[in-house]
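Engineer: everything below, folded, please.
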Amino acid sequence: PAAGPGPALAAGPGRDPAVYLAALRACQRDLRAFIDEENCHPILIRLAWHDSGTFDASLAHDWPACGGANGSIRFAKELAHGANAGLKKAILYLEPFKEQHAVLSWADLIQLAGATALAAAGGPASPMRYGRVDVESETQCPPEGRLPGAAPPFDDGSPDAATHLRRVFGRMGFSDAEIVALSGAHTLGRAFKERSGTVAEGYGREAGTRYTRPGGNRPRADGADGMGMPGGRSWTERWLAFDNAYYTGGGAGGARPAGADPELLWLPTDAADNAYYTGGGAGGARPAGADPELLWLPTDAALTTDPSFRRAFERYAAHPAAFMADFASAHAKLADLGARFDPPGGMPL
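Structural biologist: Predicted coordinates for the structure are as follows:
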């Protein structure tokens with residue numbers, strides 16, 4: 001990435017907002033170019049969400065024990081948590097940006113990268129603010145087990161997927177509708193055998209589906225060639241394009257409907273978003289004869305079988321604009337969780 005503006009200033013109390021905002025804008029430009037070249041949107045979004053998603057509202061007044069968007073995921077101790085498998089790669093992606101834009105905190109850089117990746121994929125512009133303060137050592141990392149799982153048995157002892165989703169996201173302060181809206185992010189990205197272990201497909205062109213192997217599919221929002229590292233299994237056909245295809249891919253009773261493409265990833269947690277909501281393709285819902293290569297986990301199915309989740313799921317399937325608006329709001333809330341801002345109140349970009 002290109003060099004940041006001015007001298008490398010240490011992030012911390014007493015920041016100059018003008019200098020800091022200039023660095024944020026320059027870094028955002030550099031990130032956008034990098035993401036466009038590497039097609040690494042999903043892993044940067046996952047990194048941002050896994051940093052902020054450790055927040056525990058019951059500890060909100062005890063920083064940094066409350067967890068959240070404080071940059072702790074950069075430490076090896078937290079990267080070693082099972083839910084963070086593969087995210088060391090995302091940190092390595094961001095290290096040159098931290099070197100060039102040293103004034104920025106790690107917590108801000110991580111959330112800026114996630115927001116930039118979403119926008120580059122065609123997602124909504126969330127009302128983000130910046131100025132987050134970093135934790136200083138791995139002794140301040142949150143305990144393992146605060147992030148959601150994909151299928152039972154769940155680490156928190158939840159008897160079913162709907163209960164698990166409410167326990168995890170409720171701990172952060174999210175409503176049922178917000179849980180379903182955030183699940184729409186699964187319209188982007190893939191699962192890998194080497195990471196979540198929920199699919200048989202792993203790294204490499206020979207290990208993927210027809211949607212995640214180069215040569216046939218163009219998953220980018222702009223239709224350009226390129227998909228980054230091949231392999232894995234996606235939830236949607238255009239898994240580098242943010243839309244509502246995920247939501248309309250869920251069938252009655254939480255089952256994948258007939259006709260759904262088997263090479264698209266479909267997890268129980270996915271039964272709630274937009275391209276992710278509409279079935280992954282341009283045609284909307286997944287018809288009868290659903291493709292067996294689509295991933296469908298208990299957490300995805302819960303979004304279509306639980307009555308409260310299903311109401312939001314069906315709304316986002318039918319109203320893409322509502323999904324985009326609600327997702328932007330929920331994403332901004334997620335990015336703020338557990339954050340300590342300097343200056344207080346943060347800085348909009």
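
Engineer: show me where the chain has its helices.
Structural biologist: Assigned by DSSP state H, the chain shows helices spanning 17-38, 41-52, 76-79, 88-100, 106-120, 161-172, 176-183, 275-278, 298-305, 307-318, 320-336.

Engineer: dump those helices into JSON lines; add mean neighbour count as well.
Structural biologist: Yep, even glycine has a C-beta here, placed from its N, CA and C like the rest. JSON lines is the format used below for the helices of the chain (neighbours: other Cβ atoms under 10 Å):
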{"stretch": "helix 17-38", "mean neighbour count": "17"}
{"stretch": "helix 41-52", "mean neighbour count": "25"}
{"stretch": "helix 76-79", "mean neighbour count": "17"}
{"stretch": "helix 88-100", "mean neighbour count": "16"}
{"stretch": "helix 106-120", "mean neighbour count": "26"}
{"stretch": "helix 161-172", "mean neighbour count": "21"}
{"stretch": "helix 176-183", "mean neighbour count": "26"}
{"stretch": "helix 275-278", "mean neighbour count": "33"}
{"stretch": "helix 298-305", "mean neighbour count": "27"}
{"stretch": "helix 307-318", "mean neighbour count": "20"}
{"stretch": "helix 320-336", "mean neighbour count": "20"}
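
Engineer: quick one: the ones you listed as a markdown table, columns for distance to residue 209 too.
Structural biologist: Putting the helices of the chain into a markdown table (distance: least, Cβ to Cβ, whole Å) gives the following:
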| stretch | distance to residue 209 |
| --- | --- |
| helix 17-38 | 21 |
| helix 41-52 | 15 |
| helix 76-79 | 27 |
| helix 88-100 | 21 |
| helix 106-120 | 22 |
| helix 161-172 | 24 |
| helix 176-183 | 21 |
| helix 275-278 | 16 |
| helix 298-305 | 17 |
| helix 307-318 | 23 |
| helix 320-336 | 25 |
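
Engineer: looking at those, which has the lowest confidence?
Structural biologist: Per-stretch mean pLDDT for these is lowest at helix 275-278 (a mean of 46).

Engineer: stretch 191-202: which residues count as buried?
Structural biologist: For stretch 191-202, the neighbour count (16 or more other Cβ atoms under 10 Å) marks 191, 192, 193, 195, 196, 198, 199, 201, 202 as buried.

Engineer: among the residues you listed, show me the least confident.
Structural biologist: Ranked by pLDDT, those bottom out at residue 198 (80).

Engineer: who touches that one in this structure?
Structural biologist: Residues in contact with residue 198 (Cβ atoms under 8 Å, 6 or more residues apart in numbering) are 150, 151, 191, 267, 295, 297.

Engineer: cool, and residue 123?
Structural biologist: Residue 123 is in contact with 242, 324, 327, 328, counting by Cβ under 8 Å, 6+ apart.

Engineer: repeat that for 7 Å
Structural biologist: By Cβ atoms under 7 Å, 6 or more residues apart in numbering, residue 123 lies in contact with residue 242.

Engineer: mind checking pLDDT for it?
Structural biologist: Residue 123 is given a pLDDT of 97.

Engineer: need the phi and psi values for the closest residue to residue 340 other than its chain neighbours.
Structural biologist: Excluding its sequence neighbours, the residue lying closest to residue 340 (Cβ to Cβ, 6 or more residues apart in numbering) is residue 133, at 4.5 Å. The phi and psi torsions at residue 133 (degrees, to the nearest 10) take the values phi -100, psi 140.

Engineer: wouldn't residue 133 be in contact with residue 105 here?
Structural biologist: Yes: counting by Cβ atoms under 7 Å, residue 133 touches residue 105, with 6.2 Å between them.

Engineer: more crowded one of the two?
Structural biologist: With neighbours defined as other Cβ atoms under 10 Å, residue 133 and residue 105 compare such that residue 105 has more, 27 against 22.

Engineer: report pLDDT for the more buried one.
Structural biologist: Reported pLDDT for residue 105: 98.

Engineer: list phi and psi for it.
Structural biologist: For residue 105, the backbone dihedrals (degrees, to the nearest 10) come out as phi -70, psi 160.

Engineer: that older thread, turn the buried residues of stretch 191-202 into a markdown table, including distance to residue 175.
Structural biologist: Converted to a markdown table, the buried residues of stretch 191-202 look like this (distance: Cβ to Cβ, whole Å):
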| residue | distance to residue 175 |
| --- | --- |
| 191 | 26 |
| 192 | 31 |
| 193 | 34 |
| 195 | 29 |
| 196 | 26 |
| 198 | 26 |
| 199 | 30 |
| 201 | 34 |
| 202 | 36 |
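
Engineer: those in strands, which ones?
Structural biologist: Among the buried residues of stretch 191-202, the residues falling in strands (DSSP state E) are residue 191.

Engineer: which of the buried residues of stretch 191-202 lies closest to residue 234?
Structural biologist: For the buried residues of stretch 191-202, the residue nearest residue 234 by Cβ to Cβ is residue 191; the value is 8.1 Å.

Engineer: what about residue 14, neighbour count?
Structural biologist: The burial count for residue 14: 8, using other Cβ under 10 Å.

Engineer: any idea how far the nearest residue to it once chain neighbours are set aside is from residue 67?
Structural biologist: Excluding the flanking residues, the one nearest residue 14 by Cβ to Cβ, 6+ apart is residue 342, at 7.8 Å. Distance of residue 342 to residue 67, computed by Cβ to Cβ, to the nearest Å: 19 Å.

Engineer: between these two, which has more neighbouring residues?
Structural biologist: In terms of neighbours (other Cβ under 10 Å), residue 67 is the more surrounded of residue 342 and residue 67; the figures are 30 against 18.
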